[in-house]
Every structure is written in C-alpha cells, then in structure tokens.
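Participant: sequence first, predicted model second:
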Amino acid sequence: MTCKKILSLAYRQRGLCPRCGLDLIDGAGFDPDDVQDWVKWFTGSLRAIHVHHLTHRSKGGSDHPSNLELIHTTCHRQVHAGDRKRDTNRQQSHSS
C-alpha cells in the first residue's frame, strides 16, 4: 500500500486506532534532531500499525479504502485471535 493511501486512512481516522481509540503513532509530536532520526522513527512507527481489511479478502473483501482501516499491530493480532476463536467455536458446535 502506498504512503499516500496510508496517510489518507490515518487522516480519515483522525490519527486514532478505531479498535482501542489510542493514537496510531505513539510520539506523534516527536521532534527529531535530523532527517535521519525522523526517518528511523517514522519507519519504526509504521511497523506498529497495520492496514486491516474490514471484510477479509478471503471472504470477498476488496482493497478499496472503504474496506480498510489502520489499526495497531497488537490490535490486529487481537482481532484475528478473536476470529480464530469464533471459527473454532463454530466448528465445535457444528460437530456436536
């Protein structure tokens, strides 16, 4: 995904994670000493967020911005852990 699309999603979400409500990038007021410090900080910060599909591509979801949201990587793991738990519970209830 391009930086422009990521920035557009961040703008749409007012810089907040829709899952936990916290700032997407911790330390957004970071004041670097030089450009390379800023690049290192920004690159590290991008690893802390994830572009999440509201409707998974495996279930027909698209890459259209209306189907995407930026969330923290930890929030993304929790979302998918919940998905796996629901899938396991469904499988168990159907086999009973």
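Facilitator: Received it, and whenever you're ready, just let me know what you need. The structure displayed is predicted, hence computed values, not measured ones. Numbering: from 1, shown residues only.

Participant: show me where pLDDT drops low in the protein?
Facilitator: 27-32, 38, 41-42, 83-96 (pLDDT under 70).

Participant: what's near enough to touch Leu68?
Facilitator: Neighbouring residues of Leu68 by Cβ atoms under 8 Å, 6 or more residues apart in numbering: Leu9, Val51, His52, His53, Leu54. Where C-beta positions appear, they are placed from N, C-alpha and C, glycine not excepted.

Participant: what about the third one, how many neighbours?
Facilitator: It refers to His52. Using other Cβ atoms under 10 Å, His52 has 21 neighbouring residues.

Participant: ok, now the first one?
Facilitator: Applying other Cβ under 10 Å, we find 19 other residues in the vicinity of Leu9.

Participant: follow-up on the earlier one: among the contacts of Leu68, which lie within strands?
Facilitator: Among the contacts of Leu68, the ones falling in strands (DSSP state E) are Val51, His52, His53.

Participant: going by distance to Ser62, which of the residues you listed wins?
Facilitator: Closest approach to Ser62 among the ones in strands among the contacts of Leu68 (Cβ to Cβ): His53, at 8.1 Å.

Participant: secondary structure element for the residue nearest to the closest one when sequence neighbours are not counted?
Facilitator: Distances taken as Cβ to Cβ, 6 or more residues apart in numbering put Gly61 closest to His53, at 4.7 Å, once the chain neighbours are dropped. Assigned by DSSP states H and E, Gly61 falls within no helix or strand.

Participant: separation between Gly61 and Leu68?
Facilitator: Applying Cβ to Cβ, to the nearest Å, the value for Gly61 to Leu68 is 9 Å.

Participant: can you list residues touching both of those two?
Facilitator: Residues within reach of Gly61 and of Leu68 at once, by Cβ under 8 Å, 6+ apart, are His53, Leu54.
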